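Q: sequence first, then the predicted structure, then my questions.
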Amino acid sequence: MDGVIVLDKPQGFTSFDAVAVMRGLAKERKIGHTGTLDPMATGVLPLLLGRAAKACDLLPETGKTYEARFRLGERRDTGDTTGQLVAEDSTPVTREALEAVLPRFRGEIMQTPPMYSAVSVNGKRLYQLARKGIEVERPARPVTIHSLELMDYDPAARQGSLRVRCSKGTYIRVLIEDIAEAAGTLGTMSALRRTEACGFTLADAHTLDSLKALAAERALASVLRPIDGLFASCPEAAVSPAQASRFRNGGWLDLARLRPAPAGEGLCRVYGPGREFLGVGQLNPQAGRLDFKKLFKLD
């Protein structure tokens, strides 16, 4: 089974749990995912089955969208409500005060990864150190917040929600803590739902129960999406039978001989005769070539 199944990940599952369940349902050993979701988070998790799993290290940056609930006035060691309370603050915060600090967090910002994360420092995962009570210095790194909106906020309950569209590697937990600090208080994340990833939305996603029902009917293939959908944001090139044969063998293609020639740089989808998706190439306009990158159609 080759393609993409978009799961609406349930709460309490790790991304690896979801992969393990799908292996059993699809009877497919090779399965990958497109980005880790914490156990408390729900929402869009594209699972890559069979040959699609080869795309894991090639996926273009398309941004991800989240809806996150938060509480002000408390900080927890994990950055969310699954952790231990470590500090409290009673400073009142108005909606206007929150709205006033949000512009600071739009665009490219620097963010320090949390201790409870899979980031490696000196060969150790941060969450492994955190569980031992060890905290180490973590270098801040750039992330991009494409959009940031306060969806609702109750100043009496000191709770609200944000909609965030961001680059990969962004920690929403840390974003909430930093926004709260800028507003003069503490904050923690109380819920997280990913609504978009890799160009797929919740409208494309299926619950685990529905996938189990389809598997029981041997109908999982009915929700399998084609591999090239993972590269929908990339330009495409249609090639002749001879060019298709050369590409299958790992050869580069002359951009001047492609009609029309794809423009720009980066990855490019390659289609053979009959619009058969072959794989992806790397546009090299300086050399006038479309270099071979990865083959997905083997026969």
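A: Received the coordinates, thanks. Residues are numbered from 1 along each chain as shown.
Q: tell me which stretches of the stretch 51-200 of the chain form helices.
A: 95-101, 126-131, 172-182 (DSSP state H, counting those that start in this stretch).
Q: restricting to C-alpha, output the last one in PDB.
A: So that's helix 172-182. Extracted in PDB, the C-alpha atoms of helix 172-182 (Å, rounded to 0.1, in the frame of the first residue of the first chain):
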ATOM      1  CA  ILE A 172       3.600  26.400  20.700                       C
ATOM      2  CA  ARG A 173       4.100  25.800  24.400                       C
ATOM      3  CA  VAL A 174       7.100  28.100  24.400                       C
ATOM      4  CA  LEU A 175       5.300  30.700  22.300                       C
ATOM      5  CA  ILE A 176       2.500  30.800  24.900                       C
ATOM      6  CA  GLU A 177       5.000  31.200  27.800                       C
ATOM      7  CA  ASP A 178       6.800  34.000  25.900                       C
ATOM      8  CA  ILE A 179       3.600  35.800  25.100                       C
ATOM      9  CA  ALA A 180       2.500  35.600  28.700                       C
ATOM     10  CA  GLU A 181       5.800  36.900  29.900                       C
ATOM     11  CA  ALA A 182       5.600  39.800  27.500                       C
END
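Q: list the contacts for the residue nearest in space to the middle of the chain?
A: The chain has residue 35 as the residue nearest its centroid, 4.3 Å off, counting by CA atoms, centre = their mean. By CB atoms under 8 Å, 6 or more residues apart in numbering, residue 35 lies in contact with 15, 45, 64, 168, 197, 198. C-beta here means a position set from N, CA and C on the backbone, and glycine is covered the same way.
Q: put the buried members of the residues you listed into a PyMOL selection.
A: Burial among those is assessed by 16 or more other CB atoms under 10 Å; the matching PyMOL selection reads:
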select buried, resi 15+45+64+197+198
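Q: can I get the contacts of residue 35 in JSON lines including distance to residue 191?
A: JSON lines is the format used below for the contacts of residue 35 (distance: CB to CB, whole Å):
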{"residue": "15", "distance to residue 191": "17"}
{"residue": "45", "distance to residue 191": "16"}
{"residue": "64", "distance to residue 191": "16"}
{"residue": "168", "distance to residue 191": "21"}
{"residue": "197", "distance to residue 191": "17"}
{"residue": "198", "distance to residue 191": "22"}
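Q: for this protein, list the residue farthest from the centre, please.
A: Farthest-from-centroid check, the chain (CA atoms, centre = their mean): residue 242, 36.6 Å.
Q: which stretch of helix or strand covers that one?
A: helix 241-248 (DSSP states H and E).
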